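[1] here is my input, please return the structure:
(one chain, ligands or ions: 1)
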Amino acid sequence: MSLAVSRGLNVAVPLLFESTLPQLCGTRCEPHRFGECCVNGRLGGLQRTESIGLPELSEPQVMRHYVTLSSKNYSIDTGIYPLGSCTMKYNPRVNEKVARLDGLANIHPNQPEGTVQGILQVMYELGEALKTITGMPEITLAPAAGSHGELTGLMAMKTAMMHRGEHGRNIIIVPESAHGTNPASAVMCGFKVVSVQANKEGTVDMDAFKAILEKYEGKVAGMMLTNPNTLGIFESEIKNMADLIHEQGGYFYMDGANLNALMGNALVHDFGVDAMHINLHKTFSTPHGGGGPGAGPVVFSELLAPYCPMPKVVKNPDGTYHLMEEDEAPETSLGRVKGFAGQVGIMIRALAYIMALGGEGITQSSRDAILNANYLQHQLMEGGVSAPFGDTNCLHECVMSDHHLKGTSVTTMDIAKGLLDEGHHPPTVYFPLVVSGAMLIEPTESEPITSLDGFAKSVVGLAQKAHAAEADVAEMHATPMHTPVRRCDEAGAARKPILKWKPE
Ligand SMILES: *Cc1c(COP(=O)(O)O)cnc(C)c1O
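    Below is the predicted model of the structure:
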């Protein structure tokens, strides 16, 4: 990895610790306030004897440091962010405005119920809206993320089986192309994962699926299926799969992270789904990424509704709202999965988004997301980029492979790094694993045609350059040239993160 250098006005930013100038200070403290007499007695002799080692800087240095860093933040507000499976779409500012309203932002979960009727109504109405969008009869808003929703749904399945007195079912069927959180959640919940392969159309191979059901008869607790799947393709056999799972006494979980491709156009309830999480931070437009908060409400079918976790907002006959806790819950409820009532700030944004769009807008937004992804897939294919499932229309995202790079030394990683120099955030790469050198591209409905064209032009340009003269190709391996840091050791950063600055 090359060190950061300043170029033009792209200023390299050292850590505050590295910028320290001994004796420089942004504030003045009266020395005697921290003197012996006050501290010693109170700390029982445990006071620090060495310097704390904080950086010594002036106020303008600190200001410049953070303001410069903030301008380096690439985000959906600066350009296209086509990360497949992540739904990085524009987050309307009105959502933020509503979430910051005094009566919603400055309340505490321990306040008496009579003083927080507004937020309870927000939660109730969000729950009703999501039930309408999915056609499902029950919902919990508590889970803090999609993956937490998966765990919650699986816990409901497990609780239901315990109530039936069935303890022997421990298999969850998961397609090979699934998001990594699916098998991880199943294992966390104590299940064993059996993976089912895809056919050449990119959907679940029904023969392989039936063979698994037969092999593990009486052992299958359920199936987890993403629809549309992580290749952006609709699993048209979903109802058949759900019926077969139900016949065998199992439950059907749908990973609903891709609900933005269905909402308003299909009802999840019609697919035979028993539980599904909804990523509010993806589908319903909350800023996410970088580990910010999310919310993963789970909708339940009639079969799993009795096991719904608490708390839950109910509407009293007099029109007021009540947060029902575990002590009032039906005995079957699986209990509690999150402190207090969940990520309430995200719920406010989601309801603001749903209300701003309305039923028609929600439907149109998923159609536009599908149109944009198909347009992009078509542009890329025309430019010679291979689309392994290009014969069929995709839904909200499309997957490209590295087939077109065969015979060159250029990889998908080189294309992704080259995109950085052209000013685009690269798509998701090398996922799903079932596609060689995959690029999973989700433009979302909020990209205008000009940005789709600009992105496609850059990808096609790079793909063509891969077949050019050796000197040009060598250049591609050296990209990105214009970012503050060049090629990073991503695996090293994930496996052996250095989280603490140490003096040289
Ligand atoms: C994002 C995503 C998840 C996990 O959701 P988090 O909110 O990040 O935990 C699960 N499945 C799919 C298909 C996703 O895209």
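[2] quick one: contacts for the residue in the stretch 51-200 of the chain that the ligand sits nearest to?
    When scored by CB to the nearest ligand atom, the stretch 51-200 of the chain has Gly146 as its residue closest to the ligand, at 2.4 Å. In this view, the C-beta of every residue, glycine as well, is placed from N, C-alpha and C. If a contact means CB atoms under 8 Å, 6 or more residues apart in numbering, then Gly146 has 181, 255-257, 277, 279, 282, 294, 296 as its contacts.
[3] lowest-confidence entry in the residues you listed?
    Across the contacts of Gly146, the bottom pLDDT score, 93, is held by Gly294.
[4] how much space is there between the closest residue to it other than its chain neighbours and Ala295?
    Counting by CB to CB, 6 or more residues apart in numbering, His281 is the residue found nearest to Gly294 once chain neighbours are left out, at 3.8 Å. According to CB to CB, to the nearest Å, His281 stands 6 Å off from Ala295.
[5] ok, then the element right after the longest helix belonging to the chain?
    Longest helix in the chain by number of residues (criterion: DSSP state H): helix 344-382. As assigned by DSSP states H and E, the chain's next helix or strand after helix 344-382 is strand 398-400.
[6] skip ahead from that following strand and say which helix or strand is next.
    Downstream of strand 398-400, the first helix or strand assigned by DSSP H and E is helix 412-421.
[7] same question for that following helix, mean pLDDT?
    96.
[8] convert the C-alpha atoms of it to CSV, please.
    This file holds the C-alpha atoms of helix 412-421, laid out as CSV (Å, rounded to 0.1, in the frame of the first residue of the first chain):
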residue,chain,number,x,y,z
THR,A,412,-12.9,-7.7,-11.8
MET,A,413,-10.8,-6.1,-9.1
ASP,A,414,-8.9,-4.0,-11.7
ILE,A,415,-12.2,-2.8,-13.2
ALA,A,416,-13.5,-1.9,-9.7
LYS,A,417,-10.3,0.0,-8.9
GLY,A,418,-10.3,1.7,-12.3
LEU,A,419,-13.9,2.9,-11.6
LEU,A,420,-12.6,4.8,-8.5
ASP,A,421,-10.3,6.9,-10.8
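[9] who does it touch, helix- and strand-wise?
    strand 428-429, strand 439-441, helix 449-465, helix 470-478 (3 or more CB pairs under 8 Å, 6 or more residues apart in numbering; DSSP states H and E).
[10] what residues sit buried inside stretch 199-212?
    202-205, 208-209, 212 (16 or more other CB atoms under 10 Å).
[11] pLDDT weak spots in the stretch 151-300 of the chain?
    291 (pLDDT under 70).
[12] hmm, back to that, got CSV for the contacts of Gly146, with neighbour count, distance to His403 and secondary structure too?
    Shown next, in CSV, are the contacts of Gly146 (neighbours: other CB atoms under 10 Å; distance: CB to CB, whole Å; DSSP: H, G, I helix; E, B strand; the rest coil):
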residue, neighbour count, distance to His403, secondary structure
Thr181, 20, 28, helix
Asp255, 27, 27, strand
Gly256, 30, 31, coil
Ala257, 27, 27, coil
His277, 29, 34, strand
Asn279, 27, 31, coil
Lys282, 24, 29, helix
Gly294, 22, 35, coil
Gly296, 31, 35, coil
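[13] and the two most separated of those?
    Across these, the longest distance by CB to CB is 14.4 Å; it joins Asp255 and Gly294.
[14] about what we covered before: TSV for the contacts of Gly146, including distance to Gly44?
    TSV is the format used below for the contacts of Gly146 (distance: CB to CB, whole Å):
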residue	distance to Gly44
Thr181	47
Asp255	54
Gly256	55
Ala257	53
His277	50
Asn279	50
Lys282	51
Gly294	43
Gly296	46
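[15] near the ligand too, which of those residues?
    Among the contacts of Gly146, the ones lying near the ligand by CB under 6 Å from any ligand atom are 181, 255, 257, 279, 294, 296.
[16] can you tell me which of these is nearest the ligand?
    Ala257 (3.2 Å).
[17] ignoring the adjacent residues along the chain, who's closest to the closest one?
    Counting by CB to CB, 6+ apart, Asn279 is the residue found nearest to Ala257 once chain neighbours are left out, at 4.9 Å.
[18] contact partners for that neighbour?
    87, 145-146, 149, 256-257, 259, 294-296.
[19] if we use 7 Å, what do you get?
    Residues near Asn279 by CB atoms under 7 Å, 6 or more residues apart in numbering: 146, 257, 294, 296.
[20] surely the second one is in contact with His281?
    No. Between Ala257 and His281 no contact is recorded; they are 10.0 Å apart, counting by CB atoms under 7 Å.
[21] need the residues of the protein near the ligand, please.
    Contact residues, the chain versus the ligand (CB under 6 Å from any ligand atom): 85, 145-147, 179, 181, 226, 230, 255, 257, 279, 294, 296.
[22] now render those as CSV, adding distance to Lys338.
    CSV is the format used below for the residues of the chain next to the ligand (distance: CB to CB, whole Å):
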residue, distance to Lys338
Ser85, 24
Ala145, 10
Gly146, 14
Ser147, 13
His179, 21
Thr181, 17
Thr226, 23
Thr230, 26
Asp255, 19
Ala257, 19
Asn279, 15
Gly294, 12
Gly296, 10
